[in-house]
Structure formats: structure tokens, C-alpha cells
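**Student:** Below: sequence and its predicted model.
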Amino acid sequence: MATAIVLGTLALLTLLTATPIEARPAARWHPPTYPLTSWYQDTAKACPGYYGIHAWGVAHRTLPCGTRLRLSYHGRTTWTRVIDRGPYIYGRSLDLHAPVARALGFSGVGRVKMEVRR
């Protein structure tokens, strides 16, 4: 009986003194931009862990590898990550890998809505 009282008291004290678990902070989205975009198909990637012509991602010159992006083009939206460096053509800021371009219905050169999550 005494053991049950002690255990009950300890459980009550634990509940009363425990700090609440804080919710995970919401992801920060940066304002959307509309960079000049092209697409490419290549097997070599600058970021480790992403290989092959079927890799799902984009190339960007300055965003860190693995940065999550939400891309939209003519009503289609997809999520992707930065997996490569580039583009190396003046004026362009983003290169879509072929599978991402197909998913968005994108071809050639144009502007895609890009939102960065950090």
C-alpha cells in the first residue's frame, strides 16, 4: 500500500513539474520568385546521393544542396530539392531536371514560380 502511494505521488509530481512539449516551429517560406528557367538531362550531379537521369530535382547556383522548393507552372505544382549546381547560361537562375520539367509540363525556357522552404 505504501509503495502504491509513493508511486502515485511521484507520478503526480512528474505531471505537475513536466515542461510542455513545444510544437515544432512552422516551416519558413520565402516570398515566391519567378526566375528564368530551363531544363536539362544529365547523369552527373554536384550534390551527393542524387544520381542518374531519373533523379528528381533542380540545379541552382547558390541555394544549398537539399533545399526544398515548391515549383508552379501553368496550374501544375510540384515539390523538389536542389540536387545540382547551375545553370551556367547567363540570365538563367534555375535548371529543371527532365522528370520535374515533364511533371510541370515545361519545355524550353520560361519563368516558373519558385518558393523556397528553409
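**Tutor:** The structure has been received and is ready for your questions.

**Student:** In space, what's closest to residue 70 - neighbours in sequence excluded?
**Tutor:** Spatial nearest neighbour of residue 70, excluding adjacent residues (CB to CB, 6 or more residues apart in numbering): residue 115 at 4.4 Å. Bear in mind the C-beta positions are built from the backbone N, C-alpha and C, glycine included.

**Student:** wait, what's in contact with residue 82?
**Tutor:** Taking CB atoms under 8 Å, 6 or more residues apart in numbering as the criterion, residue 82 is in contact with 47, 57, 58, 59, 60, 63, 64, 65, 66, 67, 69.

**Student:** nearest to residue 28, of the residues you listed?
**Tutor:** residue 67 (11.9 Å; CB to CB).

**Student:** how close does the closest one sit to residue 115?
**Tutor:** 11 Å (CB to CB, to the nearest Å).

**Student:** same deal with residue 30?
**Tutor:** Separation of residue 30 from residue 115 (CB to CB): 7 Å.

**Student:** between these two, which one's more packed in?
**Tutor:** Taking neighbours as other CB atoms under 10 Å, residue 30 and residue 115 compare with residue 115 leading, 16 against 10.

**Student:** what's the pLDDT at the more buried one?
**Tutor:** Note on residue 115: pLDDT of 95.

**Student:** Hmm, residue 29 and it touching each other?
**Tutor:** Yes. Judged on CB atoms under 8 Å, residue 115 makes contact with residue 29 at a distance of 5.6 Å.
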